[in-house]
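*Asks:* Based on what follows, work out the 3D shape:
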Amino acid sequence: MYEDVFLPPAKDLAEIFGVSIETARRWRRRSICPPQAVMMVLSRDLGIFAVEWAGWTIRDGSLYSPEGWSVTRNDALAVPLLRQQVNHYQAENRMLREKPPDIDEQPTPAEWDLDTLMAG
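*Replies:* The predicted structure follows:
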């Protein structure tokens, strides 16, 4: 039925699907596996869990978008902190645009005290 299907080592199958090593060996020996398990192992496409994740895959410990962008676990955990930073910077930017800081006027060259500058 699934003769041309590549199946990972039995120990990996047993771990992934929570079955005994004997069941996993039987699957490999007969080159059969439950259809859902085959889809999960072969496609690596998270779209089998939710349509919104179609095209997203997990490889080498990273999550990959359909466009090829990768995100590690730590990147994903940092997203709430990054959002807080962006919100803070945006609020600060709005505040500065609404009320520019008071800046003392700088003297023009005509107002410079050349004697003080030359003595210094």
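*Asks:* Which elements pack onto the biggest helix by length in the chain?
*Replies:* When the chain is scanned for its longest helix (criterion: DSSP state H), the result is helix 73-98. If you count contacts as 3 or more C-beta pairs under 8 Å, 6 or more residues apart in numbering; DSSP states H and E, helix 73-98 packs onto no helix or strand. Using the backbone N, CA and C atoms, a C-beta is placed for each residue, glycine as well.
*Asks:* Buried residues, that helix. List them.
*Replies:* Across helix 73-98, burial judged by 16 or more other C-beta atoms under 10 Å covers no residue at all.
*Asks:* Just give me how far it sits from the chain centre.
*Replies:* Relative to the chain's own centre, helix 73-98 is displaced by 17 Å; criterion: C-alpha atoms, centre = their mean, to the nearest Å.
*Asks:* ok, residue 9 - contacts?
*Replies:* When contacts are counted by C-beta atoms under 8 Å, 6 or more residues apart in numbering, residue 9 is found next to residue 28.
*Asks:* Please report how far it lies from residue 25.
*Replies:* 10 Å (C-beta to C-beta, to the nearest Å).
*Asks:* go on, residue 31?
*Replies:* As judged by C-beta to C-beta, residue 31 and residue 25 stand 12 Å apart.
*Asks:* do residue 16 as well
*Replies:* On the measure of C-beta to C-beta, residue 16 and residue 25 end up 14 Å apart.
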